[in-house]
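Trainee: Any chance you can model this:
(2 chains)
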Amino acid sequence: MSNQPNHFAPLARLLHWLMALMIIAMLFIGAGMVASVSERHEWLIHLHKPLGVAILLLVIVRLFVRFSTQQPPLPADLPGWQALAAKASHVLLYALMLVLPLLGWAMISASGEPVMLSSSLQLPSIVPANAQVFAFLRKAHGYLAYLLFLTVLLHLAAALFHGWVRRDEVLDSMLRGKDRG
Amino acid sequence: MVDRTSPPGGPQRPPLSAASLVLRLGGIAVVVAAVAGAFAYVHGNLDPQRLTPKALVDVLEKNNGVHPGFRRNHAKGVCVIGHFESSGEARVYSAAQVFNEPRTPVVGRFALPAGNPYAPDSAVPIRSLALRFTQANGQQWRTGMNSMPVFPVGTPEAFYQLQQAQSPDPATGKPDPAKVPAFFAAHPETVPFLTWVKTAKPSASYATETYNSVNAFYLVDASGKKQAVRWSMAPLAQDAAGASAPEGADFLEKDLVQRLAAAPLRFQLNITLASADDPVNDASKAWPAGRKVLNAGTLVLEKTQPQLSGECRDINYDPLVLPAGIQGSDDPLLAARSAGYADSYLRRTSEVSQLPAAKQEAQQ
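Mentor: As a prediction, the model looks like this:
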């Protein structure tokens, strides 16, 4: 008997759904704040920074959980290109979850502004102040955020494809802990 | 080995009918389109009328031309280096370290509120002073002050319309001279500014002007109690105030360099405490005279640096970069300044290599 599970570990599922909410909220907060000159701009930024650091901490926990628990395998009859796309998009999702908060932290550092998570909670700078480095990091933060949003959309579409069209166990493996009886 | 080709515990998958397949794929498309559409809405893509930071900076570029690497407004200026000596008087009202430590280093910038870095100094009758105080605990206080007592308008929307009124007409290439008077006529909140500007002359020196925060802020004490304030930097050595501008286009920087070669320049930080009824959210309205004013300390400016190589070049004087103990008010101009400056800052920091000084260095 193989010990490969049919479902993700409970902690992996908790982290997945918690971070799904946080990341989608974060993408919308980011998109809203750069398109606003109202007070919304200000309070969205004050949400964006601590939420980004929370995501950074959680993704580290999540990577640890990912490598220390068993994942359910993809269906054996999944076409090769879909299996490859699934693996590649998951690597991309993890990479962007890790890189985007670091880029945000680094770009504020490079701008010479103190990295404030609240009116008095300050993080250290991780990059020396440099205008050209700031411009590069700020643009990378923006473009990679669009890429993350597109990857999240693809992930959502693929999950629904598994659940509604293929009707295999992939969506279930993240939705519930037990097989449907 | 689990047989992964059949759903464990579930029925075998019967093939979907063509209609059902289309319906299900359509359902996926609807979900994805709804999320993407919500994102586009929040991002302003579906709402071209929304005032965005980009629109604010675009209209400045349209009116002033694009000068790569320079600030999109207050483009012509000079860096100053100095420090702030706290008097301790503001300590009761604010827990900020800048008011509690004897000395805080400052990097500042005097400038001309115009978008063209080559404008003659007499082009506008207003001067500005931006400061960055760096506290020992690493927190910063950034402020951008102007020599006018009130802002022409109270909202970012009105500011944008005022800029639009000064945009070149595509037909003539010049602004329509009727548009600005029409704007002022339609905006009675501009009267206090217009009354002041009638008597304002371009000063011969940066050193003789008083610079006002214009927007209101809150001082916050250790117990969290808030006091609405506006502040200003008033020159301590007053000479030749009111003298009219000399000949030439670039007298302000020369004057400042000369003065600082002789002695440091001192300004007093006056913090005006609002009374309960004073408008905190409207920078176009002055507060009545007779308010309590704190002498919070002395700004001592010691030397200048050219703006293209000095420390102030890469500082975004965002008025909402504040230390614990100072907070922004709900003045809508503050958030708009912060958002607009960020957009301008990204544009100019992307163009550092196109600055005249950088070009000269590259040729050497």
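
Trainee: C-alpha only now, for contacts and for neighbours.
Mentor: OK.

Trainee: list the contacts for A:Ala131?
Mentor: For A:Ala131, the contacting residues are A:Ala110, A:Ser111, B:Asp314, B:Thr349, B:Ser350, B:Val352, taking CA atoms under 8 Å, 6 or more residues apart in numbering or on different chains as the criterion.

Trainee: go on, B:Gly248?
Mentor: Counting by CA under 8 Å, 6+ apart, B:Gly248 touches B:Pro120.

Trainee: So it, which state does it fall into?
Mentor: The three-state assignment at B:Gly248 reads coil, by DSSP: H, G, I helix; E, B strand; the rest coil.

Trainee: What's the separation between it and B:Ala204?
Mentor: As for B:Gly248, its distance to B:Ala204 is 11 Å (criterion: CA to CA, to the nearest Å).

Trainee: got it, and B:Ile326?
Mentor: 33 Å.

Trainee: Phi first, then psi, for A:Ile60.
Mentor: Its backbone dihedrals place A:Ile60 at phi -70, psi -40, with angles given as degrees, to the nearest 10.

Trainee: now it, nearest residue through space, not along the chain?
Mentor: Spatial nearest neighbour of A:Ile60, chain neighbours left out: A:Leu98 (7.7 Å); criterion: CA to CA, 6 or more residues apart in numbering or on different chains.

Trainee: Kindly list the longest helix within the chain.
Mentor: Let's take chain A. Among the segments of chain A that qualify as a helix by DSSP state H, the longest is helix A:80-111.

Trainee: Correction: the question concerned chain B.
Mentor: Taking DSSP H as the criterion, chain B has its longest helix at helix B:18-42.

Trainee: Check whether the helix or strand just after it comes near chain A.
Mentor: Secondary structure here is assigned by DSSP states H and E; on that basis, the next helix or strand after helix B:18-42 toward the C-terminus is helix B:53-64. Yes: using CA under 8 Å from any CA of the partner chain, a contact is recorded between helix B:53-64 and chain A, made by B:Pro53, B:Lys54.

Trainee: mind listing what's buried in helix B:53-64?
Mentor: If you call a residue buried by 16 or more other CA atoms under 10 Å in any protein chain shown, then helix B:53-64 has these buried ones: B:Pro53, B:Lys54, B:Ala55, B:Leu56, B:Val57, B:Asp58, B:Val59, B:Leu60, B:Glu61, B:Asn63, B:Asn64.

Trainee: Between those residues, which sits nearest chain A?
Mentor: Nearest to chain A among the buried residues of helix B:53-64, counting by CA to the nearest CA, is B:Pro53 at 5.8 Å.

Trainee: so that closest one touches A:Ser38, yeah?
Mentor: No: in this structure, B:Pro53 sits apart from A:Ser38 without contact. The criterion is CA atoms under 8 Å, and the distance is 9.6 Å.

Trainee: if I look at those two, which residues touch both of them?
Mentor: Overlap between the contact sets of B:Pro53 and A:Ser38, as judged by CA under 8 Å, 6+ apart, is given by B:Ala336.

Trainee: does the residue nearest to B:Val80 when sequence neighbours are not counted sit in a helix or strand, and which one?
Mentor: Among residues not flanking B:Val80 along the chain, B:Thr304 sits closest, at 4.3 Å (CA to CA, 6+ apart). Secondary structure here is read from DSSP H and E; on that basis B:Thr304 sits in strand B:293-306.

Trainee: In three-state terms, label B:Val280 for me.
Mentor: The local conformation at B:Val280, judged by three-state DSSP, is coil.

Trainee: check contacts around the residue nearest to it when sequence neighbours are not counted.
Mentor: Setting aside the residues directly before and after it, B:Val280 is nearest to B:Ala216 in space (CA to CA, 6+ apart), at 5.6 Å. B:Ala216 makes contacts with B:Ala228, B:Val229, B:Arg230, B:Val280, B:Asn281, B:Ala283, B:Gly328, B:Ser329, B:Asp331, as judged by CA under 8 Å, 6+ apart.
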